[in-house]
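J.: All I have is the shape, not the residue letters:
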């Protein structure tokens, strides 16, 4: 089952080629692919950010991406798309914190300082990569469990294994299945998750 038929690079190339007249379907594919992972990534960068603000950041990322692609200023030879998005998220967060510095109810200076400290760290690339990978994994799991055409039984097997950490024997007993069936279901769903995660992490 090919869940995301096009890689991010193929979608970006298609958008760049279409320039100002980018097909709405192509944009929808890119947004559907990246929005869930971006939301989670923003939350991992700032866990105190309200959901509405997270949505604003994600929207701003896509708005800026439209501008960049229309100017044909994105060059995938200079690095991975995920790194490009991570830098964009950081800049948007810093800009938002700077705009809010006058507000007494938010310690924007501390938030900016934390982002700057993280960016200056010798492990910055590794940290960002780990956060992006985690966001991709969670988004991929959610996509498979919520949007894929898998049975309720498969969803429950994967949930019991992944979320509750039950063994194959425990799941088999609880759902009245054979251990072999549990193993096969877990393997099939895990392969679907991995396929989406790989696409996002490209």
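T.: Yep, it's here. Keep in mind the model is a prediction, meaning the values are calculated, not measured.

J.: give me the number of residues near residue 167?
T.: By other CB atoms under 10 Å, 12 other residues sit near residue 167. (C-beta placed from N, C-alpha, C; glycine too.)

J.: so what's residue 174 up against?
T.: Residues in contact with residue 174, defined by CB atoms under 8 Å, 6 or more residues apart in numbering, are 160, 166.

J.: That one sits in which helix or strand?
T.: Taking DSSP states H and E as the criterion, residue 174 maps to helix 168-175.

J.: so the helix or strand that comes right after that helix versus helix 168-175, what angle?
T.: Next in sequence after helix 168-175, counting helices and strands by DSSP H and E, comes helix 179-201. Angle of helix 179-201 versus helix 168-175, following axes from the mean of the first three to the mean of the last three CA atoms, to 10 degrees, is 110 degrees.

J.: Flag every buried residue along helix 179-201.
T.: Neighbour counts over helix 179-201 (16 or more other CB atoms under 10 Å) mark 182-183, 185-186, 189, 192-193, 195-197, 199-201 as buried.

J.: How about the contacts made by the closest residue to residue 131 other than its chain neighbours?
T.: What sits nearest to residue 131 in space, not counting adjacent residues and going by CB to CB, 6 or more residues apart in numbering, is residue 44, at 4.5 Å. Counting by CB under 8 Å, 6+ apart, residue 44 touches 131, 134, 135.

J.: can you check residue 181 too?
T.: residue 172.

J.: Distance of it relative to residue 175?
T.: Separation of residue 181 from residue 175 (CB to CB, to the nearest Å) stands at 9 Å.

J.: Then residue 126?
T.: As for residue 126, its distance to residue 175 is 39 Å (criterion: CB to CB).

J.: what angle separates the helix or strand hosting the residue nearest to residue 131 from helix 179-201?
T.: With elements taken from DSSP H and E, the one containing residue 44 is helix 24-45. Orientation check (the same axes, to 10 degrees): helix 24-45 against helix 179-201 gives 100 degrees.

J.: Just to check, residue 200 is in contact with residue 34?
T.: Yes. When contacts are counted by CB atoms under 8 Å, residue 200 is listed as touching residue 34 (7.0 Å).
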